[in-house]
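sequence? don't have it. structure:
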């Protein structure tokens, strides 16, 4: 486990690397992207277990989150995507990382961002836990005003959508790698219709794995639900080298 910092739009972003215990020339890598108002530390449990499996894992705090610089109240979704692009760039240059074998795990807002990332960078596997989606016109707006708690956003998410209707769905439609979608049964922010929209957007259903976490809420805290997410990730990534 090694802490580090890198820059995005002149902001210092803080991150942590989890290294596999086995010594190899190259490792498959996994980038974690947290959700809105979350932080990298909430995925340390997952990263530790996946590092034990042989993956080099990177977690970071987007601007205005965790210990990173920036104002969460002023950043746009586009600027948060800049952070994710910068993080991917940093990970791809870490010594020992196989640039042809980088996977990405997102949560909520992080899922939206990594879907967009998949059109801009080479990604082998995607994990979407409680995947949020947003109207295209919100991309360059301040993220805070387009929260999943807003009634208009909730209503919008409950509507069936075709892949061409949102940036994220279109990106997932074009993605050719493996996709794992994890839905929380008691999620009040991400309705089942939004999850269905993501699932329906995937062209090759043989590359889709879907897991429903019974009784799980949107935000996964330390305890049984986080343990379950850890188990799901380890089981899925075990055969993804």
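Yes, it's here. Note that the coordinates shown come from a computational prediction; the quantities given were computed from them, not determined experimentally. Numbers count the residues shown, from 1 in each chain.

so how far is the helix or strand bottoming out on mean pLDDT in the chain off the chain centroid?
None of the helices or strands of the chain scores lower by mean pLDDT, DSSP states H and E than helix 151-157, at a mean of 90. Between the centre of helix 151-157 and the centre of its chain there are 21 Å (C-alpha atoms, centre = their mean, to the nearest Å).

list the beta-bridge partners for the most centrally placed residue in the chain.
Nearest to the mean C-alpha position of the chain, by C-alpha atoms, centre = their mean, lies residue 106 at 1.3 Å. Beta-bridge partners recorded for residue 106 (DSSP bridges): residue 33, residue 128.

per-residue confidence at it?
Here, the pLDDT recorded for residue 106 equals 98.

can you name every helix or strand that the lengthiest helix in the chain contacts?
Secondary structure of the chain per DSSP state H: the longest helix is helix 77-92. Other elements packing on helix 77-92 under the criterion 3 or more C-beta pairs under 8 Å, 6 or more residues apart in numbering; DSSP states H and E are strand 2-8, strand 11-18, strand 27-33, strand 56-60, strand 97-107, helix 109-117. Glycine gets a C-beta too; all of them are placed from N, C-alpha and C.

residue 125 is in contact with the residue nearest to the centre of the chain, correct?
No. Contact criterion C-beta atoms under 8 Å: residue 106 and residue 125 do not qualify, at 11.6 Å.

tell me what angle the longest helix of the chain forms with helix 109-117.
70 degrees (axes from the mean of the first three to the mean of the last three C-alpha atoms, to 10 degrees).

who touches the helix or strand just after the least confident helix or strand of the chain?
Going down the chain from helix 151-157, the next helix or strand is helix 167-174, by DSSP states H and E. With contacts defined as C-beta atoms under 8 Å, 6 or more residues apart in numbering, helix 167-174 is touched by 111-112, 115-116, 118-119, 126, 131, 133-134, 136, 139, 161-164, 179, 197-198, 201-203.

for the residues you listed, which ChimeraX command selects only the ones that are buried?
Of the contacts of helix 167-174, the buried ones can be selected in ChimeraX as follows, counting by 16 or more other C-beta atoms under 10 Å:
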select :111,112,115,116,118,126,131,133,134,139,161,163,179,197,198,201,202
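
quick check: buried residues in stretch 99-118?
So, applying 16+ other C-beta under 10 Å, buried residues of stretch 99-118: 101-118.

end-to-end on stretch 166-179?
18 Å (C-alpha to C-alpha, to the nearest Å).

quick check: mean pLDDT across it?
Stretch 166-179 comes out at a mean pLDDT of 98.

so how far is that stretch off the chain centroid?
Relative to the centre of its chain, stretch 166-179 is centred 13 Å away, using C-alpha atoms, centre = their mean.

please apply the same query to stretch 93-110.
Worked out by C-alpha atoms, centre = their mean, stretch 93-110 lies 10 Å from the chain centre.

again, but for stretch 197-209
Distance of stretch 197-209 from its chain centroid, counting by C-alpha atoms, centre = their mean, is 17 Å.

quickly list what the nearest residue to residue 4 once chain neighbours are set aside is bridged to.
Using C-beta to C-beta, 6 or more residues apart in numbering and skipping the chain neighbours, the partner closest in space to residue 4 is residue 15 (5.5 Å). Under DSSP bridges, the beta-bridge partners of residue 15 are residue 4, residue 60.
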